[in-house]
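**Student:** Kindly return the folded structure for what I paste below:
(6 chains, ligands or ions: 9)
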Amino acid sequence: MEDSRLVLSPSPHVRDEDTTQKIMLTVVAALIPVWAAATYFFGFNSIRLVFVSIIAAVGSEAVFLALRRKPVTVWDGSALVTGMLLGLSLPPTLPTWMAVLGSFVAIVIGKQVFGGLGANPFNPALVGRAVLAASFTSQMTAWTMPFTDAVTSATPLVSGQASYAELFFGTVPGSLGETSALAILLGGVLLFYRGILDYRIPVGFIGTTAILSFVFGQDVVYQLLSGSLLFGAVFMATDMVTSPITPVGRWVFGVGCGLVLVVIRFWGSLPEGLTYSILVMNAFTPLINRWTRPRIYGQVVKQV
Amino acid sequence: MYNSLVALASMGGLGIILSVGLVIAAKKFSVEVDERIEEIEIALPGVNCGACGFAGCRSLAEAIAEGKAPINGCPVGGIAVAEKIAEIMGADSGNAPERKVAQVLCRGGCAEAAQRAEYDGPNDCRIMNTTQGGDKGCTYGCLGGGTCVEVCPFNAMYMDENGLPVVIEEKCTGCGKCVEACPRDIIILTGEEYGVHIRCRSLAPGKEVRQVCKVGCIACRRCEKECPCDAITVTNNLAEIDYDKCTVCRRCVAVCPVHTIEEQDGKPEIKAKKAG
Amino acid sequence: MNKMIKDFLRGLWDEHPTFRIMIGMCPTLAVTTAAINGFGMAVATTFVLVCSSILISVLKKVIPGGVRIPAYIIVIATFVTTVDYIMQAFTPDLHESLGVFIPLIVVNCIILGRAEAYASKMPVVWSAFDALGMGLGFTWGLTLIGSIRELLGSGTVFGFSIMPDGFTPIAILTSPPGAFITLGVLLALMNVVSSKISEKIKAKQQRAAN
Amino acid sequence: MVNLKNFRGGVHPEYNKHITSDKPIKVLPAPKEVVIPLAQHAGAPAEPLVKKGDSVLLGQEIGSSAEPISAAVHTSVSGTVLAVEPRPSINGREVLSVVIENDGQDAKAPMTGHDDPIQLPREEIRKRIEAAGIVGLGGAAFPTAAKLSPPRGCKIEYLLINGSECEPYLTADQKLMEEYTEDVVLGAKLLAKACGAEKTIIAIEANKPEALRKMKALAGSNAIEVVALAVKYPAGGEKQLIKAVLNREVPAHGLPAQCGALVHNVGTAWAAAKACRHGQPLIERVITVTGDGVKAPANYLVRIGTPFRDIIAAAGGFAGEPGKVIAGGPMMGLAQFDLNVPIVKGVSGILVLSDKVANEFDPMPCIKCARCVDVCPVYLMPVTIEKYAMNAMWDEAEDYGAMDCIECGCCTYICPSKRALLSWIRLAKTEIVEAHSRHSS
Amino acid sequence: MEYLLLFIGTVIVNNFVLVQFLGICPFIGVSKQVSTSIGMGIATTFVMVMAALASWLIQHFILVPLGLEYLQTLSFILVIAALVQLVEMFLHKSIPGLYRAMGIFLPLITTNCAVLGLALNAVLRDYNLGESLVYGFGAGVGFTLALIMIAGIREELEFADIPKPLKGAAIALITAGLLSLAFSGFAGMI
Amino acid sequence: MKESVRMVVVLTVIAMASGFILAQVYHWTYPTIQRNRAQALAGSILAVLPGAVEFNVIEAHPAGGLEDDPTTLRSKPGSDSDPLLLYQGLDGNGNPVGFAFVSEGAGYGGIVKIMVGVGQTDRLISGVAILEHAETPNLGSKIEDESFRSQFVGKGIDDPIALGQDIDKISGATVSSRAVAEAVSRDLGSALQAYKEAANQ
Ligand SMILES: Cc1cc2nc3c(=O)[nH]c(=O)nc-3n(C[C@H](O)[C@H](O)[C@H](O)COP(=O)(O)O)c2cc1C
Ligand SMILES: Cc1cc2nc3c(=O)[nH]c(=O)nc-3n(C[C@H](O)[C@H](O)[C@H](O)COP(=O)(O)O)c2cc1C
Ligand SMILES: Cc1cc2nc3c(=O)[nH]c(=O)nc-3n(C[C@H](O)[C@H](O)[C@H](O)COP(=O)(O)O)c2cc1C
Ligand SMILES: Cc1cc2nc3c(=O)[nH]c(=O)nc-3n(C[C@H](O)[C@H](O)[C@H](O)CO)c2cc1C
Ligand code: SF4
Ligand code: SF4
Ligand code: SF4
Ligand code: SF4
Ligand code: FES
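**Tutor:** Ligands and ions are numbered 1, 2, ... in the order given. Below you'll find the model as predicted:
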């Protein structure tokens, strides 16, 4: 009793069980149904692209950190998530080396140059995707029908030809992970129940898109189910690092994403604006945080 | 040729209008300002490129005059401009004050000082200090969290293997940030030529000091007796040195039984000057 | 003489307009989609820079302080317009691709900056050398950026195919985002290089001292 | 469980109350030697009234102060004063303390009681509470008498008796409510009378059904309302309690009285009852000794000034290698390094955590998950304040409400990156206060 | 409606900084703090509207009638510079509050590409007076938007552990690149 | 005061000198610049009109005016004051071989300006040249490729020019392709009409 030195530390003395790593692995788990669906529809390409993206992302992170002589913290799982999401956001026929380049850009330009985990202003996976889209536009817009390797001209968003059921189950051309609304919702529910997903962003995002689609006389359900809206709203807009931390801010963020998405979809020259809608709102995140500070308990007027 | 003359005339007209306008405006809207700002502004390149991070040359000039920006704040002007500004500013600020250097007045690192607990929390001395006073046996000594190193804007400090901060004297500018940050108040600023320091701040009685630290001042008064210039006095269980009186004869260093007094490895010529 | 050479060299590295002082960024980013554009732009800028430095240095006694900036602007704008028309006449294609950025040389901070900081105070020859140094610094900077962007973004340099046949150009490098990112990365590389160099110099000095 | 009173924010740590919730309160024999610090309350320390060698009677006043915010200190044993000297106390500093050797006689100093204290005039109740040296037993140890005189212009409408005991592990308040129900209710009535409250509400977390039942049974006949709180830390925080029960907010940097409320802990009520009925000063309290690091967790009635060492020994000693010994609960308690420190008025438990439970984690980079923002019961942005504090940007930290932090620790508890948010916020608070005092001087 | 489209187009689709590469120096130089950026942005917007007006007047009442289009660059920059200086002096003397908030940025704006580029572009595209003013206003707002956004990000980056060689301008440029990438989604819209 | 006068004088003198010098430069380079422009124009006209060696300019004011194109902001053709310029190509013998006109469409990076040539007798498109564009290099810029442009040759006013069916678009550059297709079809009718009117006179 005399000899043992006691531990001295500031309160609180107990901590919640959740860790960054657990959160990231849960996201991976939530992506498994999506990946499974992608593999079912697009076959080997799904396995090839996602694997390659993951390996390139984690590898780039490890190499960069090693070069900086920093602890190689790849086990936190964030690069894994980035790689997986990037892989799932690619069209099935993309050449392997492009996926590698995209993952490299995502991790290095999108994340590590800003100081690594938690410091990146933009969603790394989307940075990777956007760079690929801007560099290899034709390869990034080459879609295939599920179960075939036949290149088709357009996704349902452009062609406007798919039934709700097809869209819901995912038997339509599109990026690997975006086609099956069912699988995405499954993952989303898991994230929500694990308390990882803040409902405000997806609800704001999807809700705004739905309302504006209705206002502009579009087929609301079709707009929601086609394209990568669901995938992005559930897995990418909700990236905590690049979305606001205030409750009101997360509404603003979600609604803003929806607004930009609709503007690009309906008036832009790109068929799908998801990547850009989230990236644009990422850029606003610091400002949103600053201007949506919660009212402190006991304060009467909201501070600006 | 006709067109050339039209060009000449219209540009001339424009020139007259604008220059007259500016001259009148300069008279009419002249505002009293700090002369130095004006002078610095003239010394600056005046391109208002914003490379300095300020809103144009005038803002930088104001910032320099108010001491909010360094004299070499303009990257465009380079060294030449910096020198000129130094002249302008220097003329005003008189002789450069004596260069000060930070001194860490504690020698009780991991090897010398006892621990009373295992600290497990943020590595910041200020937080350690408010967490039950920290894990160190001595409640006066260095906590070893390296907050001083952290706050030093000039990278002039590092933590040694023994868990004590070390000041790199060439780099230290005497800004005093570390002094402010240290929760134990064991860093002081001295003139750089002072050569002997009593590196302990403990006011505890000798007996208690012995229990917690091998190199803490036990107030034995030997240094006080040994000092030929009455530079050392022991009050409140702690020897203190009057730097003005000290001639760096180093006799106290030799007699201190616990090696609390330490000679600063300063520049040889300064030591010689002081000794001679 | 020695100092003059030093002043001249300053613009090439220590006070490099693009990589160190970071001025004249707009043309640096906008026209460097191809090496030739960057080179052409830089040469035009250098021409204006040298000429206006010389003229301003000549006129420095005549121009009263109160109107010096407008006066310099007139001098510079005159040279810029001259270059603009000469290029339009003799290198119409290049003029076409540089577009509005030729007249914008007027507001390139390098020129007014040099005029203010150097030419208005120094003898003519010195000013010319200083301006030339800065101009050449700008030239190699822009040519380098242009070459990199052209090489990776189109597979060519100065219009010559360099990359192997299977090469797929990375189009983003020729687009606005690519311009920013390329320059950012290049800047970081420059920082690495120059810190390596200064480390070497330091080590050498230390060895010499010991 | 309909209509539980709730508030926004807060966390759900492992409560671990089962360890001691069925252990009745045992009276711990007085130790051989007590160490009674003269500063165990908020406000000015008491001045010693005794010196070395004096002999003292149980309950005799040994320290007092003329300062408006302070409290009298009494001895919890009879015997001889061994020393009046600085001794380590639970806050890690040495505090002037009176060390008394227990003669085992428990010879009582004269005490004046009243059989039906509720008949006492309002001012008299307050005086007796003051004379008894009663301070808040909920943790803050703020002198109760001072709280009972609301500032001018404020009318106390509601007295809330805080029986929530939201700190994990601790069961002292719960057992007190179960076993001393009558005293607590009487105390509540006395406090209500003393502060002039129109209505008294006793608030208890829903996870203490027995206490709720007993309290309801007794309180109903006394026109006191008993409400059940949703089980969530920090339901017992004053501001959260007021928000949950009354749906009012204490003005920022203001007092509860400004929104017509006053909050007192059940232990305080119990002490007030004893002071008025028996004239007994505050010399003992109920504490919980618990955690996986002690062999026999229990609830004890202990004398103020009993060293931790003796209490832990009574609870069977350490089970295995101890990691942390905490004065208080796991969320707000103070880790101790010296077992000679004594129990003081504000300590409601000793929690001993074994080495493995006590392990801290290395902080990882913040992933901006905003959980800290979501759980902060005063709606701060802890992550932002932490960021400013780590970069010594105290003005910005203040602007983001650092001074409003109640130091509940929810943010630090929930952070998946294991960041020490509260430590940095506390640092910011200290620095801000310092800057202000520097500014005003 | 046409004016609105022109405005939105200038603010977002053809953003001066992110797409057209005009005014990059202040965009990199004065974007370290949001508060400064707001002042700078407002001042720039003001100067741009003024420049649009002045250059339109010069073009249509002096240069075109006299056949002096080749003096465009010279006369525009001269008049803009002089006007800004006048306004600055006026503010400094008469409205010191406004001067402190905005006037201090004025000299910085005179000699940047965005303003002259605006004047030249407006003439090049043959805008009428109304269009010119909307164009100037839109360009200013677009500049402000880009400036505030990057300033918000850069304020956050102050706290990040950025690799040393990338600190400062390099990371600012990369951030600007990603910002520009985000905005490239609007390209081709108007 | 003297200083002020000096300031005014110096600035005025410099401004005058500058004006004068620039006038000289302008007059010196003007002919060359004009020649360049003419050559470029001629080059593209002759390129879209096989067999032509020179051309005439016809200023046409088509009866109904040109339709306004709401899809673009910057182009405002068809305002009545602006004539539609038709370039009549002549062969070595001075016989007309067709005519060419300039049209434009909204592309991805901005306006795409093209020259369309129409045969004299068959009234079918004889060639399309891209004058100006700001499309993405290697993507939209493929509209300059011969393989893309040649698809328009042989189409007439009655032929549908629907992208994706009649004209293969450049993959990944729908917007750019559409810009050209629209530019071709937009003014073709009015140009033909105008040319007929002009020929009848
Ligand atoms: C539409 C909806 C979405 C919700 N999303 C979340 C969520 O993302 N994360 C979470 O922790 N709780 C979520 N909740 C649960 C509520 O926030 C929950 O009631 C609240 O956390 C209760 O706080 P307490 O458990 O601390 O008393 C959600 C509730 C609703 C109705
Ligand atoms: C985070 C937090 C949690 C608290 N939890 C409790 C609690 O569970 N029980 C309690 O009586 N007081 C608790 N308090 C103290 C109360 O806020 C309040 O000070 C006390 O109930 C007042 O009563 P007293 O003066 O009688 O101690 C808590 C305070 C804070 C800041
Ligand atoms: C960086 C970038 C540059 C683009 N450049 C062009 C372009 O020059 N021309 C074009 O028509 N579309 C361009 N696009 C638009 C996309 O290629 C768009 O998907 C395409 O117009 C429609 O797809 P589709 O042609 O496969 O149907 C560009 C997109 C990006 C991201
Ligand atoms: C809910 C959730 C969503 C995420 N979404 C993304 C994403 O879209 N892109 C990405 O690169 N990383 C994502 N991550 C991983 C991680 O946050 C990301 O790598 C950080 O941005 C890196 O600093 C996500 C993580 C979580 C918990
Ligand atoms: S000197 Fe002070 S600040 Fe520095 S490590 Fe020691 S205790 Fe910490
Ligand atoms: S903080 Fe200042 S005084 Fe302290 S070591 Fe660094 S430079 Fe010297
Ligand atoms: S809970 Fe932790 S990781 Fe999440 S935002 Fe707060 S500090 Fe960051
Ligand atoms: S900031 Fe303060 S009040 Fe808020 S959760 Fe953290 S410790 Fe509690
Ligand atoms: S070069 Fe455009 S603002 Fe400096």
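
**Student:** Which SSE is immediately downstream of the host helix or strand of residue C:110?
**Tutor:** Using DSSP states H and E, residue C:110 sits in helix C:109-114. Per DSSP H and E, helix C:109-114 leads on to helix C:124-154 as the next helix or strand towards the C-terminus.

**Student:** What residues of that next one count as buried?
**Tutor:** Across helix C:124-154, burial judged by 16 or more other CB atoms under 10 Å in any protein chain shown covers C:126-154. Any C-beta I mention is one placed from the backbone N, CA and C, and that applies to glycine too.

**Student:** hmm, back to that, right, is the helix holding residue C:110 up against chain F?
**Tutor:** No: contact of helix C:109-114 with chain F (CB under 8 Å from any CB of the partner chain) is absent, the minimum separation being 15.1 Å.

**Student:** and that helix, what does it pack onto?
**Tutor:** Other elements packing on helix C:109-114 under the criterion 3 or more CB pairs under 8 Å, 6 or more residues apart in numbering or on different chains; DSSP states H and E are helix C:35-59, helix C:68-90, helix C:124-154.

**Student:** Kindly reformat these as CSV containing distance to residue A:237 and mean pLDDT.
**Tutor:** CSV is the format used below for these (distance: least, CB to CB, whole Å; pLDDT from 0 to 100):
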stretch, distance to residue A:237, mean pLDDT
helix C:35-59, 39, 93
helix C:68-90, 47, 90
helix C:124-154, 30, 91
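
**Student:** Nearest spatial neighbour of residue A:56, chain-adjacent residues omitted?
**Tutor:** Excluding the flanking residues, the one nearest residue A:56 by CB to CB, 6 or more residues apart in numbering or on different chains is residue A:103, at 3.6 Å.

**Student:** can you pull the contacts of residue F:176?
**Tutor:** F:107, F:108, F:112, F:133, F:135, F:136, F:139, F:140, F:141, F:142, F:143, F:170 (CB atoms under 8 Å, 6 or more residues apart in numbering or on different chains).

**Student:** of all those residues, which two lie farthest apart?
**Tutor:** F:112 and F:139 (13.3 Å; CB to CB).

**Student:** more crowded one of those two?
**Tutor:** residue F:112 (28 against 25; other CB atoms under 10 Å in any protein chain shown).

**Student:** So which other helices or strands are in contact with the helix or strand that the more buried one is a member of?
**Tutor:** According to DSSP H and E, residue F:112 maps onto strand F:111-119. With contacts defined as 3+ CB pairs under 8 Å, 6+ apart, the packing partners of strand F:111-119 are helix F:2-48, strand F:96-106, strand F:125-132, helix F:174-200.

**Student:** Deepest-packed of these, please.
**Tutor:** Comparing the helices and strands packed on strand F:111-119 by mean neighbour count (mean count of other CB atoms under 10 Å in any protein chain shown), strand F:96-106 comes out on top with a mean of 24.

**Student:** Show me what it is packed up against.
**Tutor:** Using 3+ CB pairs under 8 Å, 6+ apart, strand F:96-106 sits against helix F:2-48, strand F:84-90, strand F:111-119, helix F:174-200.

**Student:** Please, where are all the helices along the chain?
**Tutor:** In the absence of a named chain, chain A is used. Remark: helices assigned in chain A by DSSP state H are A:20-42, A:44-67, A:78-88, A:96-108, A:124-135, A:137-140, A:156-159, A:164-169, A:181-193, A:200-215, A:220-225, A:229-231, A:247-267, A:274-291.

**Student:** That was the other one, I meant chain E.
**Tutor:** Using DSSP H, helices in chain E cover E:2-8, E:24-29, E:34-58, E:64-66, E:72-94, E:96-101, E:106-110, E:113-124, E:129-157, E:169-183.
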